[in-house]
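1. Requesting a structural model of the entry that follows:
(one chain, ligands or ions: 1)
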Amino acid sequence: PTRRNDITNEYDLSEESLGVGINGKVLTCWHRATKRKCALKIIKDSDKARREVILHKKASEGCVYIVQILDVYENMFESNRCLYIVMECMEGGELFNRIRNRRDKPYTEREAANIILMIAKAVAHLHRMDTAHRDLKPENLLFSNTSEGALLKLTDFGFAKEGNNEKLPLMTPCYTPYYVAPEILSNNKYDKACDIWSMGVIMYILLCGYPPFFSAHGGTISAGMKSKIKAGEYKFPKAEWKNVSQEAKSLIEKMLTVDPDARVTIDWILRCSWLIGTVPETPIDIRSMLDSENCEQMRIEIAAANHAQRRADADD
Ligand SMILES: O=C(Nc1cc(-c2cc3c([nH]2)[C@]2(CCCNC2)CNC3=O)ccn1)c1cccc(C(F)(F)F)c1
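-> Residues are numbered from 1 along each chain as shown. Next up is the predicted model:
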């Protein structure tokens, strides 16, 4: 007998893996009625898992730059209760795979600006909902399809965090916040600032092919790398940066500002000249940098930098 709202009533599941996230694995599945190929993320049920689904669903409803959630089921999987998140299938794959596989026309600074603009629109939508993503990285940025006009969308809300502004009765007239701590009033601006920092790291890599902070001997996060992040110590080496516009470099400097209070906000970024103005079509060849082992090394660095930044901002 068909169980009430079992996912297999509507979808054919597959073994084809699309990767593994923080909380669970991602497979393809097919919506039987419409023959539509979808992505399915299976996560073990928990409060954290439910928060991920609620935040992702809320965010995806109002923004085309966030991967859309189509359905959510809670079903049993190998005797564990799991959440099945059905999403639109992003057939263009991850951000860097697409740039690396670029063959026909050169990838340019203007294209990098278009990519950053789409990321900024997703982040702006989240920050306006007083939500921070907190795990912005190239693996969580996927193209909707393989066409030139494909949209870049954000996914994986496993670290996302909502502010507190609606939870506290701060705005009721009779309430006098004698006892409320400053961080409660700041509605998680440090988490949002952490997203801006990650955008700065992604923009830097898009324009030269390697990360701004890295550990000398190519290991995972090292003490040296952590101190460079905390000191905001990075350079624009001439070889790769001599043809990049000054506007791009000054935007990176504002995003990679160590003091989260001094770091630019997403609203400032959406109005900056590099994103609004006409960006030069200077060719940028980062494919060599994105080859496999460098790429693996870079994924490690970004994840480590995100992690370090989350902790650093939280310490402030
Ligand atoms: O990843 C693809 N489509 C896709 C993928 C996702 C997806 C969601 C999540 C992830 N991917 C990751 C996988 C591991 C890396 N981080 C992101 C972990 N967390 C998630 O929440 C969502 C929607 N469509 C893809 C890529 C190339 C071809 C195709 C296909 F051929 F199927 F069209 C699909």
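2. which SS state does Ser198 fall under?
-> helix (DSSP: H, G, I helix; E, B strand; the rest coil).
3. Name the residues of this protein found near the ligand, please.
-> Counting by CB under 6 Å from any ligand atom, the chain comes close to the ligand at 18-21, 26, 28, 39, 41, 67, 87, 89-91, 93, 139-140, 142, 155-156. All C-beta atoms are positioned from the backbone trio N, CA, C, and that covers glycine.
4. Tell me the buried residues within the residues you listed.
-> Applying 16 or more other CB atoms under 10 Å to those, the neighbour count classes 18, 21, 26, 28, 39, 41, 67, 87, 89-90, 93, 139-140, 142, 155-156 as buried.
5. In strands, which of these appear?
-> Counting by DSSP state E, the part of those found in strands is 18, 26, 28, 39, 41, 87, 93, 142.
6. Which pair of the residues you listed spans the longest distance?
-> Lys41 and Gly93 (16.0 Å; CB to CB).
7. so who does the residue nearest the centre of the chain touch?
-> For the chain, Leu136 is the residue whose C-alpha lies nearest the centre (CA atoms, centre = their mean; 2.7 Å). Neighbouring residues of Leu136 by CB atoms under 8 Å, 6 or more residues apart in numbering: 119, 123, 154, 195, 198-199, 202, 306.
8. swap the cut-off to 7 Å and go again
-> By CB atoms under 7 Å, 6 or more residues apart in numbering, Leu136 lies in contact with 195, 198-199, 202.
9. who wins for most neighbours among these?
-> Asp195 (26 neighbours; other CB atoms under 10 Å).
10. For that one, pull up the helix or strand it's in.
-> Taking DSSP states H and E as the criterion, Asp195 maps to helix 189-208.
11. Show me what that helix is packed against.
-> Where contact means 3 or more CB pairs under 7 Å, 6 or more residues apart in numbering; DSSP states H and E, helix 189-208 is packed against helix 109-128, strand 131-132, helix 246-255, helix 292-315.
12. which one of the ones in strands among the buried ones among the residues of the chain next to the ligand sits closest to Pro173?
-> Met87 (42.4 Å).
13. For the stretch 1-150 of the chain, give me the ranges with low pLDDT.
-> 1-3 (pLDDT under 70).
14. which ones are touching the residue of the stretch 151-300 of the chain found nearest the ligand?
-> With CB to the nearest ligand atom, the shortest gap between the stretch 151-300 of the chain and the ligand falls at Asp156, namely 3.5 Å. Asp156 makes contacts with 21-22, 135, 140, as judged by CB under 7 Å, 6+ apart.
15. coming back round to it: pick the most deeply packed of the helices and strands packed on helix 189-208.
-> strand 131-132 (a mean of 25; mean count of other CB atoms under 10 Å).
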